[in-house]
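Trainee: Predicted model follows, preceded by the sequence.
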Number of protein chains: 2
Amino acid sequence: MQNTKPRVSKATISRIPLYYRAVVQLQQEGVARIRSERLSEIIHIPSATIRRDFSSFGELGKSGYGYSIATLVEEFGQLLDVDSSEAIILVGVGGLGRALLMNNFRRNPDLNIVMAFDADPDKVNTRIGGIPVYPFATLAAHMNPNIHTAILAVPSSAQTGVIGTLEAFGINAIMTFAPQPVACAPQTTIRYIDLTSELQTLLYTAHQKMKVR
Amino acid sequence: MQNTKPRVSKATISRIPLYYRAVVQLQQEGVARIRSERLSEIIHIPSATIRRDFSSFGELGKSGYGYSIATLVEEFGQLLDVDSSEAIILVGVGGLGRALLMNNFRRNPDLNIVMAFDADPDKVNTRIGGIPVYPFATLAAHMNPNIHTAILAVPSSAQTGVIGTLEAFGINAIMTFAPQPVACAPQTTIRYIDLTSELQTLLYTAHQKMKVR
DNA sequence: CTGACCTTGTGAACGCTTACACAGAATTCA
DNA sequence: TGAATTCTGTGTAAGCGTTCACAAGGTCAG
């Protein structure tokens, strides 16, 4: 089974969270059904793309009717596994780490940062936003086998070492804010959030737009 | 003024910051030249992609030699306009806004948050990380025509209104952390950083990877 | 200076994603 | 019930981006 073709394309996967958020919002507003054309206006994704995406999960809609909001919420909820709560650890309690702890994905009850770690003795053995902060050296003592997700807000220089340690403790999904690329084990998935690059790309794009005018 | 033929693809543009960061780093290490194959190992982008990207800015390299680091630093620096400092304002001084102020893209001297705004009276008329924080209502008094970039860390509900106001004062490049899509003027470029979606996509991908094994 | 050796730049093929357009299925309404 | 209307799902094509593979041209040792 070398070439297991993914059932759903990467581009579609990256849109599932947007779809989920939108249909939950609509459900809260009491909307019962929606057309792809109308949804397109709300989330700014072409209706043809929406229909093609939805159809890759089965025939969710009905001709001449549209999609039932309840069906969509159910379907995308299952895809994102929102019913089983995800326990997440955070490493690095600087300014950004602190902000993430205070916020803690409050809008999404299934996403929970359950504890945080930092190497700085001045920052540990306290609580931030109700979440305990432990010394990074005590990771082994606090880890448990149900945790396999981490968010990293550590300096670039520390990142490689931290990721190696986390992998050793069973973490296989990592979201990090340090752009330093790291070679990781094949079962590990890393998502890099590079704010400086995003900003520079934005500025380049905006600048080009000015020139064309 | 019809602009020149070789248009740079969006995918290439999004990699310019990575290239720039890498070559500056190499320059600081005293490296004078580099092959695409070696650069590929450092930034984890295929060498063929690197060569094609570079060639879209002209013939930067030499056969049998590679690329001169100095040439690359110069070229990408110009593309990103690192010589002219970019004045940025920040709106929303919650946990995330505060973290951004403390950090303020310190590694990139050309990127400067010069002031911040918030609607909450308790948060204004102070300094965070050396940057002054003003009431959002006084935006008009503090804006100047050289500023056309903003970072938004405000609640989703406030976003549409804030963006409208910013556009009226000449802002045309916006990076925002609220996923709520906003209809904006054609000359405005908005970049959405959606941390919840990123995390959910990561979890979905990691979960799929487990299933395949 | 010469020849062996490198490495770029790029034509061409490929694969992924989006966009178009419409047959056909389901709904709605009289 | 039947006809007009609505809207999905998808065949097909077009667009974009990546990867392969190699000719052309520069490098460098001797």
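Mentor: Alright, I've got the coordinates.

Trainee: Excluding covalently adjacent residues, which one is nearest to residue A:85?
Mentor: Using CB to CB, 6 or more residues apart in numbering or on different chains and skipping residues adjacent in sequence, the residue nearest residue A:85 is residue A:110, 5.2 Å away. C-beta here means a position set from N, CA and C on the backbone, and glycine is covered the same way.

Trainee: now do residue A:20
Mentor: Residue A:20 sits nearest to residue A:76 (CB to CB, 6+ apart), 4.0 Å away.

Trainee: is it true that the one you found touches residue A:18?
Mentor: No. Using CB atoms under 8 Å, residue A:76 is not in contact with residue A:18; the gap is 9.7 Å.

Trainee: The lengthiest helix in chain A close to DNA strand D?
Mentor: In chain A, taking DSSP state H as the definition, the longest helix is helix A:195-212. No. If you take CB under 7 Å from any atom of the strand as the test, helix A:195-212 misses DNA strand D, and the best it gets is 12.1 Å.

Trainee: what's across from the residue nearest in space to the middle of chain A in the sheet?
Mentor: Compute the mean C-alpha point of chain A, and by CA atoms, centre = their mean the closest residue is residue A:175, 7.7 Å away. Beta-bridge partners recorded for residue A:175 (DSSP bridges): residue A:151, residue A:191.

Trainee: how about it, what does it touch?
Mentor: Contacts for residue A:175 (CB atoms under 8 Å, 6 or more residues apart in numbering or on different chains) come out as A:150, A:151, A:152, A:190, A:191, A:193, B:198, B:199, B:202.

Trainee: Contact residues of chain A facing DNA strand C?
Mentor: So chain A meets DNA strand C at A:9-12, A:46, A:48-49, A:51-52, A:62-65 (CB under 7 Å from any atom of the strand).

Trainee: Can you tell me which of the residues you listed is nearest chain B?
Mentor: Distance ranking of the residues of chain A next to DNA strand C against chain B, using CB to the nearest CB, places residue A:10 first at 8.2 Å.

Trainee: Pull stretch A:151-166 out as CSV, backbone CA atoms only.
Mentor: Written as CSV, here are the backbone C-alpha positions of stretch A:151-166 (Å, rounded to 0.1, in the frame of the first residue of the first chain):
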residue,chain,number,x,y,z
ILE,A,151,2.0,24.4,20.0
LEU,A,152,5.4,25.9,20.0
ALA,A,153,6.2,29.5,20.8
VAL,A,154,9.9,29.2,21.5
PRO,A,155,12.9,31.0,20.0
SER,A,156,14.1,29.6,16.7
SER,A,157,17.3,28.5,18.2
ALA,A,158,15.6,26.3,20.7
GLN,A,159,13.1,24.8,18.3
THR,A,160,15.0,21.8,16.9
GLY,A,161,15.9,20.5,20.4
VAL,A,162,12.3,20.9,21.7
ILE,A,163,10.8,19.1,18.7
GLY,A,164,13.1,16.2,19.2
THR,A,165,12.1,15.9,22.8
LEU,A,166,8.4,16.2,22.1
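
Trainee: Domain-wise, how is chain A divided?
Mentor: Per automatic domain parsing, the structural domains of chain A span A:10-80, A:86-197.

Trainee: Tell me which of the ones you listed sits most buried.
Mentor: Mean neighbour count (mean count of other CB atoms under 10 Å in any protein chain shown) peaks for domain A:86-197 among those, with a mean of 18.

Trainee: Return the distance of that domain from the chain's centre.
Mentor: 13 Å (CA atoms, centre = their mean, to the nearest Å).

Trainee: Endpoints of that domain, how far apart?
Mentor: 29 Å (CA to CA, to the nearest Å).

Trainee: Please report how far the closest residue in space to residue A:50 that isn't next to it in sequence lies from residue A:73.
Mentor: Once flanking residues are discounted, residue A:50 sits nearest to residue A:36: 4.6 Å by CB to CB, 6+ apart. Separation of residue A:36 from residue A:73 (CB to CB, to the nearest Å): 16 Å.

Trainee: ok, now which ones touch residue A:49?
Mentor: residue A:15.

Trainee: so it, which of the three states?
Mentor: Assigned by DSSP: H, G, I helix; E, B strand; the rest coil, the conformation of residue A:49 is helix.

Trainee: now do the one 3 residues further on
Mentor: Counting by three-state DSSP, the backbone at residue A:52 sits in helix.

Trainee: ok, and the closest non-adjacent residue to it?
Mentor: Per CB to CB, 6+ apart, closest to residue A:52 is residue A:12, 7.9 Å.

Trainee: Now name the helix or strand holding that neighbour.
Mentor: helix A:10-13 (DSSP states H and E).

Trainee: State the mean pLDDT of the helix or strand following that helix.
Mentor: Sequence-wise, the next helix or strand downstream of helix A:10-13 (DSSP H and E) is helix A:16-28. Mean pLDDT, computed over helix A:16-28, is 98.

Trainee: between helix A:16-28 and helix B:195-212, how many degrees?
Mentor: 120 degrees (axes from the mean of the first three to the mean of the last three CA atoms, to 10 degrees).

Trainee: Could you confirm whether helix A:16-28 reaches DNA strand D?
Mentor: No. Contact of helix A:16-28 with DNA strand D is not found when judged by CB under 7 Å from any atom of the strand; the minimum separation is 12.6 Å.

Trainee: partners of the following helix or strand past that helix in the sheet?
Mentor: Moving toward the C-terminus from helix A:16-28, the next helix or strand (DSSP H and E) is strand A:33-34. Each strand paired with strand A:33-34, and its direction, by DSSP bridges: strand A:66-68 (antiparallel).

Trainee: Closest one of the contacts of residue A:175 to residue A:83?
Mentor: Of all the contacts of residue A:175, residue A:83 sits closest to residue B:199, with 16.7 Å by CB to CB.

Trainee: Quick check: chain neighbours aside, which residue is closest to the closest one?
Mentor: residue A:175 (5.7 Å).

Trainee: Distance-wise, check the one you found relative to DNA strand C.
Mentor: 20 Å (CB to the nearest atom of the strand, to the nearest Å).

Trainee: same thing with residue A:34?
Mentor: 13 Å.

Trainee: Check residue A:32 too.
Mentor: Taking CB to the nearest atom of the strand, one finds residue A:32 at 10 Å from DNA strand C.
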